[in-house]
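1. Curious how this folds, go ahead:
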Amino acid sequence: QVQLEESGGRSVQAGGSLRLSCAASGRTFSSYAIGWFRQAPGKEREFVVVISRSGERTYYADSVKGRFTISRDNAKNTVYLQMNSLKPEDTSVYYCAADLNYGSGFSLRLNEYDYWGPGTQVTVSS
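-> The predicted structure follows:
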């Protein structure tokens with residue numbers, strides 16, 4: 001079992017920055033990858049970024065590449081998502097999720113993630 005909880009979401013103006021956190025408990029944190037996904041009103045949940053269990057490998061969606069940075073602190077059981085140059089189209093509920101299936105790798109498909117946090121709202125105004 002893994003429990004996840006996101007924090008750090010709030011309202012911000014376009015061009016601003018936010019840092020989201022995903023705190024985990026339960027299973028050994030360094031044994032699974034963590035992905036971030038987001039869902040805007042009326043849209044499907046979409047992949048944003050993922051980090052491997054060691055933190056050595058990451059993969060970003062094209063829409064956030066160069067603006068968002070993912071990192072993890074395995075000593076603190078926490079993954080961070082630094083979001084810079086925010087745009088109104090980044091407005092969504094952001095979710096972190098645990099991928100226990102790929103060992104040192106990770107999946108980009110949300111249906112392959114095993115545990116999800118409740119989400120945190122990010123609103124970017126123009």
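2. all strands in this structure, in order from the N-terminus.
-> Assigned strands in the chain, in chain order: 2-7, 11-13, 18-26, 33-39, 46-51, 58-60, 68-73, 78-83, 92-99, 115-116, 120-125 (criterion: DSSP state E).
3. and I34, what does it touch?
-> 22, 24, 50-51, 72, 79, 96-99 (CB atoms under 8 Å, 6 or more residues apart in numbering). No exception for glycine: its C-beta is placed from N, CA and C like everyone else's.
4. If the most centrally placed residue in the chain is in a bridge, with which residues?
-> The centroid of the chain falls nearest to W36 when counting by CA atoms, centre = their mean (2.3 Å). Under the criterion DSSP bridges, W36 forms beta bridges with V49, C96.
5. Now do it against Q3, distance only.
-> 17 Å (CB to CB, to the nearest Å).
6. what's the answer for Y102, then?
-> Taken as CB to CB, the span from Y102 to Q3 is 20 Å.
7. Over to R10?
-> Using CB to CB, we find R10 at a distance of 23 Å from Q3.
8. what do you get for T120?
-> Between T120 and Q3 the computed distance is 15 Å (CB to CB).
9. of the two, who's got more company?
-> Set T120 next to Q3 and count neighbours by other CB atoms under 10 Å: T120 wins out with 22 against 12.
10. could you list every residue that touches the residue lying closest to the more buried one once chain neighbours are set aside?
-> With sequence-adjacent residues excluded and distances taken as CB to CB, 6 or more residues apart in numbering, T120 is closest to G9, at 3.3 Å. The contact partners of G9, by CB under 8 Å, 6+ apart, come to 18, 20, 93-94, 120-122.
11. Need the pLDDT of G9.
-> Note for G9: predicted pLDDT of 98.
12. what's the answer for N101, then?
-> N101 is given a pLDDT of 86.
13. okay, now the closest residue to it other than its chain neighbours: neighbour count?
-> Counting by CB to CB, 6+ apart, E112 is the residue found nearest to N101 once chain neighbours are left out, at 6.1 Å. Neighbourhood size, E112 [other CB under 10 Å]: 14.
14. Next one: E112 from T91, what distance?
-> E112 sits 26 Å away from T91, going by CB to CB.
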